[in-house]
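# Fold the following.
(chains A and B)
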Protein chains: 2
Amino acid sequence: MTVNAHNELPIGVFDSGVGGLTVLDAIRQSLPNEHLVYLGDTARLPYGTKSPASIERYATQAAAGLFEQGIKLLVVACNTASAVALDALREQMAPMPVIGVVEPGATAAVAAHAGGRHLVLATEATVRLGAYRQAGEALDPAAEVREAACEMLVALAEEGWSSGDIAAAIVRRYLDESNGFKPHTIILGCTHFPLLRDTIADVAGSGVLLVDSASTTAAVVRTTLEGNDMRRRADGSGTLRLFATDGATRFARVGGRFLGRTLTYQDIELVDL
Amino acid sequence: MTVNAHNELPIGVFDSGVGGLTVLDAIRQSLPNEHLVYLGDTARLPYGTKSPASIERYATQAAAGLFEQGIKLLVVACNTASAVALDALREQMAPMPVIGVVEPGATAAVAAHAGGRHLVLATEATVRLGAYRQAGEALDPAAEVREAACEMLVALAEEGWSSGDIAAAIVRRYLDESNGFKPHTIILGCTHFPLLRDTIADVAGSGVLLVDSASTTAAVVRTTLEGNDMRRRADGSGTLRLFATDGATRFARVGGRFLGRTLTYQDIELVDL
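The predicted structure follows:
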C-alpha cells in the first residue's frame, strides 16, 4: 500500500486575520484526518476597508506564502478576499483548487429559501463589490439579495463583546438601517460574525434563518478533495500549524475565541510575506 | 528681502490614517501661513493592534516618504507611532525636529491638574507601551496615570457614530472598567477620539477635564519653529496637500469628518511607500 505524497500535503487556509479560524474549525471537524495550515495576514488586517488593488496584492502574496509551505488546496477563508481576488488567486494557483467563502455562503442561503429575501452582513469592501448579490442572484434569479456594511461588528468580535446590550444595540441599528427589508435569511458575510451569531439571532427574531459560510465551505472542500481523489489516507489524525504575519500574542488571545480553545503565542509561527 | 528656501518647506504631518487630521487642523489654525503636507498610511492602518516591530517599520517608511517630498519639520500625529517609534524617527530624521503627540498631551494634563489622577483612553499598542504613564509621571511624580485600551472607540469614530446611545454605552463601559479610579482629567490618547469628545464629556461628567494632544502639539510645533528661526515668511496663506497610501474615496469620506469640511477623492494623492 503506497502513500500518495501529494495527498499527504496540508490544506491551506488563508484569512486577513483570525476570523477564518471559524472556517478552519469547520474543515477540521469535517475532515479530521487532513493536515491543515492556516495563515492570518495580521500585519495588514483589516482587508475590509482597503482598496481592491491592495486587497488583491495582499491576497496573492499570502497565497504565495502558503504555496511555498506546500499545500494541495487553498481555502480563501476571508469574505473580502473572496469577493475581490478569487479569480486572480485561481489563475495564480492553477491547477490547484481554490475555494472561496462567498459562493458556498450564497448557495446555502438560496438552498434554504428559494425565491427568498436574503440580507448579507459584511465588510465595506465586500458590499462595494456586490459579490454576494451577484452570486445569490446567479444561483436563484428570483432571490432578492441586499448587502449591509457592518464594520462595527468586526470591532465587537475582536474586542470580545459578542453578547450583551451594546452588541444587541449595534446589531439592531444595522438591521434597522435595512429599512423594512424583511429577510428570510441573514448571511454572515464576514468570518468574524459567527462569534455574534446568538446576538444576531436574538435581534432578528425566530423567523429568520442565519447562514454562515463555514460549514458549507467545509462541505465544498470535502467534495472537491473527493472528486479529485485528493483525500489523505486516514492513517492518523491531521496536524494543524498556525502562521501569522504579525502579533502572535494578540493572534493567540483573539484567535482562541474563534477556535474555541486556549492558544498561546508559542502556538503561532510568525512569517514575512 | 530674501526668502529662506528651507523655511518655505512644508511641515510634514504623519498618521496611520485620517485621525491625525485633528492635529493637522490645529496646526493650520495656529500657523495659517505654513505649508502643510499630510500622509495617512491607510494601506496599513490601524497601527494600534500591530506589534512594535511592525509599527516602527511602517513609521520609518512613512517618514522617509515625507522626507522625499521635502519638509522642514515632522509631526508624528499618531499616538501609537509616537509611543513606539519616536526615538527611531528622531534618529532617522536628525537634525530635523520631530514632534510626537504623547508628550504634549501628557504635559497638558499634568499642567491642568498637578498631582492629579489622569485616565488615558488609547489604543492597545499605546497602552502596552505605557508611554503616557511614563511621560506623565516623569513630568509630575505626584501624578497618578492610568491607561485604558479602547479599540471600540476607534471603530465608532470611523463609522461616524460619534454621538447617541450606542456611543455613550461604549464609553460608559470603558470608564466603568477603570474600577472606581476617579480621574481629574481624561486624556484623549488617540487622534480618533476628539470626534467623540462630547460623548466622553457627557459620560464622564462635569468635574472631569478632557485633554487632547491636538492643540498642545500645535503649540509645540509653533515654539519649535520660532526657537529655530524656521517660520515661513508670511507672504500668503499656507497650502495643504493630502497623501494616502490607499483608498482615496474612503479617506475623503472619513477624513472630511475629522477636518470638518467636505473632501472628495480628488483632494487625495495616492502614494506607495
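# From now on I want contacts and neighbour counts done on CA atoms only, so please keep to that.
Noted.
# and residue A:90, what helix or strand is that in?
Assigned by DSSP states H and E, residue A:90 belongs to helix A:79-93.
# go on, residue A:201?
Using DSSP H and E, residue A:201 sits in helix A:197-204.
# does that helix come close to chain B?
No: looking at helix A:197-204 against chain B by C-alpha under 8 Å from any C-alpha of the partner chain, there are no contacts, and the closest approach is 15.4 Å.
# near chain B, which residues of chain A show up?
Within chain A, the positions lying close to chain B (C-alpha under 8 Å from any C-alpha) are A:42-46, A:49-51, A:54, A:151-152, A:155-156, A:159, A:166, A:169-170, A:246-247, A:250.
# Recalculate using a threshold of 10 Å.
A:42-47, A:49-55, A:124, A:150-156, A:158-159, A:161, A:165-170, A:173, A:245-250 (C-alpha under 10 Å from any C-alpha of the partner chain).
# Of these, grab the buried ones for PyMOL.
Buried members of those can be picked out in PyMOL with the line below, counting by 16 or more other C-alpha atoms under 10 Å in any protein chain shown:
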select buried, chain A and resi 42+43+44+45+46+47+49+50+51+52+54+55+124+150+151+152+153+154+155+156+158+161+166+167+168+169+170+245+246+247+248+249+250
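# So, low pLDDT: which residues of chain A?
Scanning chain A for pLDDT under 70 picks out the ranges A:1-2, A:235-236.
# show me what contacts the most centrally placed residue in it?
In chain A, the residue lying closest to the centroid (C-alpha atoms, centre = their mean) is residue A:77, at 3.3 Å. Counting by C-alpha atoms under 10 Å, 6 or more residues apart in numbering or on different chains, residue A:77 makes contact with A:12-24, A:38-40, A:99-102, A:190-191, A:213-214, A:217.
# Likewise for residue A:239?
Residue A:239 neighbours (C-alpha under 10 Å, 6+ apart): A:10, A:28, A:32-37.
# tell me which residues in stretch A:216-224 are buried?
For stretch A:216-224, burial by neighbour count (16+ other C-alpha under 10 Å) applies to A:216-222, A:224.
# Would you format these as TSV with secondary structure and distance to residue B:135 included?
Shown next, in TSV, are the buried residues of stretch A:216-224 (DSSP: H, G, I helix; E, B strand; the rest coil; distance: C-alpha to C-alpha, whole Å):
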residue	secondary structure	distance to residue B:135
A:216	helix	52
A:217	helix	50
A:218	helix	51
A:219	helix	54
A:220	helix	55
A:221	helix	53
A:222	helix	56
A:224	helix	57
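# Farthest-apart pair in those, please.
The largest distance within those, taken as C-alpha to C-alpha, falls between A:216 and A:224 and amounts to 12.2 Å.
# how far away is the residue of the stretch 51-200 of chain A at minimum distance from chain B from residue A:153?
Closest contact between the stretch 51-200 of chain A and chain B, by C-alpha to the nearest C-alpha, is at residue A:51 (5.2 Å). For residue A:51, the distance to residue A:153 (C-alpha to C-alpha, to the nearest Å) stands at 20 Å.
# Pull the number of nearby residues for residue A:112.
Neighbour count of residue A:112, defined by other C-alpha atoms under 10 Å in any protein chain shown: 15.
# Quick check: it touching residue A:211?
Yes: using C-alpha atoms under 10 Å, residue A:112 makes contact with residue A:211 at a distance of 8.8 Å.
# Need the residues touching each of these two.
Joint contacts of residue A:112 and residue A:211 (C-alpha under 10 Å, 6+ apart) are A:106, A:185.
# mind listing the helices for the stretch 101-250 of chain A?
Along the stretch 101-250 of chain A, the segments classed as helices by DSSP state H, counting those that start in this stretch run A:102-112, A:124-129, A:131-139, A:151-159, A:165-176, A:197-204, A:213-227, A:248-259.
# could those be laid out in JSON lines, adding distance to residue B:199?
As requested, the helices of the stretch 101-250 of chain A are exported to JSON lines (distance: least, C-alpha to C-alpha, whole Å):
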{"stretch": "helix A:102-112", "distance to residue B:199": "38"}
{"stretch": "helix A:124-129", "distance to residue B:199": "25"}
{"stretch": "helix A:131-139", "distance to residue B:199": "36"}
{"stretch": "helix A:151-159", "distance to residue B:199": "17"}
{"stretch": "helix A:165-176", "distance to residue B:199": "16"}
{"stretch": "helix A:197-204", "distance to residue B:199": "25"}
{"stretch": "helix A:213-227", "distance to residue B:199": "37"}
{"stretch": "helix A:248-259", "distance to residue B:199": "28"}
